[in-house]
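Chemist: got a sequence here, can you build the structure:
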Amino acid sequence: CFSQQNRMSASWEDQKVTEAASDGFVAIKIDIKRFDPVVCIPSSFFIGDNGIPLEVIAGSVSAEELITRIHKVKQVTNAYTPAFSVYKILSRGLVAFISPRQITKKLEEKQEEKRKEEEQKEIKKEIDRRKTGKEILDYRRRHEEELTKRMLEERSREKAEEKAARERIKQQIAMDRAERAARFAKTKEEAEAAKAAAQQAKQAEAEARREASQKERSAIARIQFRLPDGSSFTNQFPSEALLEEARQFAAQTVGNTYGNFSLATMFPRREFTKEDYGKKLLDLELAPSASIVLLPAGRPTTSVVQASGGNLWKFLGTILYPLIAGWKFISNFLFTSPPPSQPTARAGHQQEHSNPLPSSMGEPSRQAVRKRVLEKRGEDFKKEGKIYRLRTQDDGEDENNTWNGNSTQQM
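Modeler: Now for the predicted structure:
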């Protein structure tokens, strides 16, 4: 404030300013602190002859600016010529007296200006108040938005952390499961490997026992010699023995009954030659057991085969006779008519045993018997679709009955 006063005083004391204000200006310096101690800003008022301020300078200005303002006031003063004089200058100098009418008007103008200024101030205050309220509302809204945004970000971050924690837990669980599965698989593989090893050892042991047993059995060849008359005899030879030894044993046993003979097998059919007599029984696949047929010189192989085949069928018939007898008993009980009289049955039985028919004559009789059995079986069974069931006495009556249209049975 004092610096502005000093600068303004220096501007007024400038030589150029003094020359510009020397014509038509009266300078009055008033210490405003005596009237208003608050205002300390230097002010310069240029007042015309009618008492109206022509120019007001607030604060300090430079000498050039002050000269410009002085010239401006001079131009305004020269352009203004009052229509009539309402006051009278009583003295020229430092003080001029104005009439009461002028003073009243001046006061009214001042009051109006003050009222307008107050209105402008109120309007400005209202504008400032509204602006401040709007700014406060904007600030609150921005603050709430920032708070909401911060809360959403915090919630999103918490959700992300929870999700990451769940993922870590899931990964840990998956790793634990994989580790347990690996341990279980390893244990299972070890158990399976141990089991497989034990099984392999067991199989190897069984194979060794089987090989030992096979070797044991293969060490001895049990040969059955079958003669042309159907009889046979058996002897055991070392598997490393030659076929010639078996032939010599057979020759010593039968003597000269069949003269010169050769050896052969039926299954598979093979007749040994002179070269085979020098081979081992094991090499000829005659160990551990085999059946050899003696073929007399000059007799065809087929006759021996037929004889041996007949003996074979007799042997099989002896073994299967109980089964055949049981089947005949069951079939006679279920599928045949009441048995004939005892004399007839006995005569037939004696005739069967006393006069056996050849196979060519017995074949038609067997076919006739089979046909009668099938016919009888058709009478004993009742077919319903693909299902057979035993007939009863009521079945015949049901088949003979008829049915009329009103669902009543006619006999």
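Chemist: make it CA atoms for all contacts and neighbour counts henceforth
Modeler: OK.
Chemist: show me what contacts the residue nearest to residue 44 when sequence neighbours are not counted?
Modeler: Spatial nearest neighbour of residue 44, excluding adjacent residues (C-alpha to C-alpha, 6 or more residues apart in numbering): residue 57 at 4.9 Å. Going by C-alpha atoms under 8 Å, 6 or more residues apart in numbering, residue 57 touches 43, 44, 45.
Chemist: again with residue 27
Modeler: Neighbours of residue 27 in contact, by C-alpha under 8 Å, 6+ apart: none.
Chemist: from here on, call the first residue 15.
Modeler: Okay, residue one is now 15; in that scheme the one you just asked about reads as residue 41.
Chemist: in a helix, it, correct?
Modeler: No. Applying DSSP: H, G, I helix; E, B strand; the rest coil, one finds residue 41 to be coil, outside a helix.
Chemist: how close does it sit to residue 26?
Modeler: 10 Å (C-alpha to C-alpha, to the nearest Å).
Chemist: tell me which of the contacts of residue 71 fall in strands.
Modeler: 57, 58, 59 (DSSP state E).
Chemist: mind putting these into CSV with distance to residue 141, neighbour count and pLDDT?
Modeler: Listed next are the ones in strands among the contacts of residue 71 as CSV, based on distance: C-alpha to C-alpha, whole Å; neighbours: other C-alpha atoms under 10 Å; pLDDT from 0 to 100:
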residue, distance to residue 141, neighbour count, pLDDT
57, 29, 14, 74
58, 32, 16, 77
59, 31, 14, 76
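Chemist: between the residues you listed, which is nearest residue 253?
Modeler: Comparing those against residue 253 with C-alpha to C-alpha places residue 57 closest, at 153.8 Å.
Chemist: re the thing from before, quick one: which of the contacts of residue 71 is nearest residue 33?
Modeler: Of the contacts of residue 71, the one sitting nearest to residue 33 (C-alpha to C-alpha) turns out to be residue 58, at 17.4 Å.
Chemist: looks like the closest one contacts residue 72 (just checking).
Modeler: Yes. Between residue 58 and residue 72 a contact is recorded at 6.6 Å, counting by C-alpha atoms under 8 Å.
Chemist: now do the strands for the stretch 165-314 of the chain: every range, in order, please.
Modeler: 234-240, 246-252, 275-280, 283-285, 303-310 (DSSP state E, counting those that start in this stretch).
Chemist: what strands flank the first one, and is each parallel or antiparallel?
Modeler: Which is strand 234-240. Using DSSP bridges, the strands paired with strand 234-240 are strand 246-252 (antiparallel), strand 303-310 (parallel).
Chemist: how close does residue 120 sit to residue 40?
Modeler: 21 Å.
Chemist: residues touching residue 37, list them.
Modeler: Contacts of residue 37 (C-alpha under 8 Å, 6+ apart): none.
Chemist: again, only this time at 10 Å
Modeler: residue 88 (C-alpha atoms under 10 Å, 6 or more residues apart in numbering).
Chemist: so which helix or strand takes in it?
Modeler: For residue 37, there is no enclosing helix or strand under DSSP states H and E.
Chemist: quick check: phi and psi at it.
Modeler: phi -110, psi 110 (degrees, to the nearest 10).
Chemist: could you list the domains of this structure?
Modeler: Using automatic domain parsing, the domain ranges for the chain come out as 16-112, 113-232, 234-313, 316-350+386-408.
Chemist: among the strands paired with strand 234-240, which is nearest residue 172?
Modeler: strand 303-310 (89.4 Å).
Chemist: just the CA atoms of that closest one, as PDB, please.
Modeler: Output in PDB follows, covering the C-alpha atoms of strand 303-310 (Å, rounded to 0.1, in the frame of the first residue of the first chain):
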ATOM      1  CA  SER A 303       3.600-144.400 -26.300                       C
ATOM      2  CA  ALA A 304       2.600-145.700 -29.700                       C
ATOM      3  CA  SER A 305       0.600-148.400 -31.400                       C
ATOM      4  CA  ILE A 306       2.300-150.400 -34.100                       C
ATOM      5  CA  VAL A 307       0.600-152.900 -36.400                       C
ATOM      6  CA  LEU A 308       2.400-156.000 -37.700                       C
ATOM      7  CA  LEU A 309       1.900-156.400 -41.500                       C
ATOM      8  CA  PRO A 310       2.600-159.900 -42.800                       C
END
